[in-house]
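1. take a look and give me a structure for this.
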Amino acid sequence: MKAITAPLSLLPTRLIMLDRDGVINQDSDAYVKTINEFVVYPQAVDAIARLSRAGYAVAVATNQSGIARGYFNITTLEQMHAHLHAQIAKAGGRLDAVAYCPHGPEDGCSCRKPLPGLLYQLRDRLGLETLAGSWMVGDSLRDLQAGTAAGARPALVRTGKGARTEARCYAADTPVFDDLAGFADWVLE
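-> Numbers count the residues shown, from 1 in each chain. A predicted model of the protein is given here:
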């Protein structure tokens, strides 16, 4: 539920929201619990930096139920996100905000995707009136559903659980990309 943000200046009006595990970094069915398990895809860092340099605000909306399950704590999560911010900055870009849901599936919160609460947190934190025209890029159906519910356009990547999501179910008009770099190439054309 807490949002972690990078310093903002002259915020772009275009927003791309990203799921984290499976889109930006390697996912794990056993959860990404430590900084050593937080393995960022190099192509994702480059894609975020390119989008940022092109004037897009880039933000992360991530379910992190491992906190509720006791697998890791908020300090560890914040270390992972600080590491991500540093990698993106080194590549010449920036991540404008990170919002996460620390709740478990049965907690009844409004921020856990597929509900749009995290996306609304990002909208409000970034001072936007609407998410219309923005993108929600994810590897799971719940990411796409959250984007649609918030008024954003959904996009699917095949990394993480994306190939399984593509094979099972997603809206036929949702654009699908091999990875975040493919999405960035398409947006920046």
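2. contacts for the longest helix along the chain next, please.
-> If you go by DSSP state H, the chain has its longest helix at helix 74-90. Residues outside helix 74-90 that contact it (C-beta atoms under 8 Å, 6 or more residues apart in numbering): 2, 4, 6, 24-25, 32-35, 38, 40, 45, 48-49, 52, 60, 64, 67, 94-95, 98, 100, 102. C-beta coordinates here come from the backbone N, C-alpha and C atoms, glycine included.
3. which of these fall within helices?
-> Using DSSP H, those in helices are 45, 48-49, 52.
4. which of those residues sits closest to residue 71?
-> Checking the ones in helices among the contacts of helix 74-90 against residue 71 by C-beta to C-beta gives residue 45 as the nearest, at 24.7 Å.
5. avg pLDDT for the top strand by length along the chain?
-> For the chain, the strand with the greatest residue count under DSSP state E is strand 56-63. In this model, strand 56-63 carries a mean pLDDT of 98.
6. could you do stretch 14-31 as well?
-> 97.
7. what are the buried residues along that stretch?
-> 14-25, 27, 31 (16 or more other C-beta atoms under 10 Å).
8. in JSON lines: the residues you listed, plus distance to residue 83 and secondary structure.
-> Supplementary listing: those in JSON lines, determined by distance: C-beta to C-beta, whole Å; DSSP: H, G, I helix; E, B strand; the rest coil:
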{"residue": "14", "distance to residue 83": "26", "secondary structure": "strand"}
{"residue": "15", "distance to residue 83": "23", "secondary structure": "strand"}
{"residue": "16", "distance to residue 83": "20", "secondary structure": "strand"}
{"residue": "17", "distance to residue 83": "20", "secondary structure": "strand"}
{"residue": "18", "distance to residue 83": "16", "secondary structure": "strand"}
{"residue": "19", "distance to residue 83": "17", "secondary structure": "coil"}
{"residue": "20", "distance to residue 83": "12", "secondary structure": "coil"}
{"residue": "21", "distance to residue 83": "14", "secondary structure": "strand"}
{"residue": "22", "distance to residue 83": "17", "secondary structure": "coil"}
{"residue": "23", "distance to residue 83": "16", "secondary structure": "coil"}
{"residue": "24", "distance to residue 83": "11", "secondary structure": "coil"}
{"residue": "25", "distance to residue 83": "10", "secondary structure": "strand"}
{"residue": "27", "distance to residue 83": "16", "secondary structure": "coil"}
{"residue": "31", "distance to residue 83": "17", "secondary structure": "coil"}
